[in-house]
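S.K.: quick check, what structure comes out for this input:
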Amino acid sequence: TRGFHWPNGLCFSPDETRLYNNDSRRQHIKVFDVQKNGTLTNGRIFAQLDAAFGKGAPDGMKTDTQGHLYVTGPGGIWLFSPEGDRIGIIKMPEGVLNLAFGGPAGKTLFLTAQSKLCQIECSIAG
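M.R.: Numbering: from 1, shown residues only. Reported below is the predicted structural model:
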């Protein structure tokens with residue numbers, strides 16, 4: 001697909017009917033509907049991040065089993081509902097570039113920060 005200035009980071013919804021993709025330069029996340037043949041349709045802005053919250057841009061992202069989207073961005077980890085509403089921001093003392101769910105129950109969110117590897121225990125599995 002076209003129309004990105006700096007595409008970066010992507011992930012699927014848990015049911016793989018949506019594909020999320022960051023545009024780091026524009027500080028937003030786009031979402032596409034994934035058709036049965038694998039093509040993408042209905043591209044639209046899913047969420048807008050705000051550089052006023054700190055250093056960073058949309059980069060790594062993952063969804064949890066309930067469809068919430070976790071994305072690294074200005075000031076920390078941004079959390080969005082499946083509808084694109086911002087639930088909150090997990091503030092971090094330094095820039096976070098990527099993240100992944102793991103641990104025995106899949107509820108540990110591992111973060112790669114500029115100089116640290118961090119983990120946060122979540123109530124929902126990734």
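S.K.: can you pull the contacts of the nearest residue to residue 65 once chain neighbours are set aside?
M.R.: The spatially closest residue to residue 65, leaving aside those adjacent along the chain, is residue 125, at 5.0 Å (C-beta to C-beta, 6 or more residues apart in numbering). For every residue, glycine as well, the C-beta is placed using N, CA and C. For residue 125, the contacting residues are 64-65, 101, 105-107, taking C-beta atoms under 8 Å, 6 or more residues apart in numbering as the criterion.
S.K.: please repeat the previous calculation with a cut-off of 6 Å.
M.R.: Contacts for residue 125 (C-beta atoms under 6 Å, 6 or more residues apart in numbering) come out as 65, 105-107.
S.K.: now residue 71
M.R.: Residues in contact with residue 71 (C-beta under 6 Å, 6+ apart) are 58, 61, 78.
S.K.: how much space between it and residue 77?
M.R.: When distances are taken as C-beta to C-beta, to the nearest Å, residue 71 and residue 77 turn out to be 7 Å apart.
S.K.: next one: residue 43
M.R.: Going from residue 43 to residue 77 by C-beta to C-beta gives 24 Å.
S.K.: more neighbours, those two?
M.R.: Higher neighbour count among residue 43 and residue 77: residue 77, with 23 against 16, using other C-beta atoms under 10 Å.
S.K.: any idea of the pLDDT on that one?
M.R.: Predicted confidence (pLDDT) at residue 77: the value is 95.
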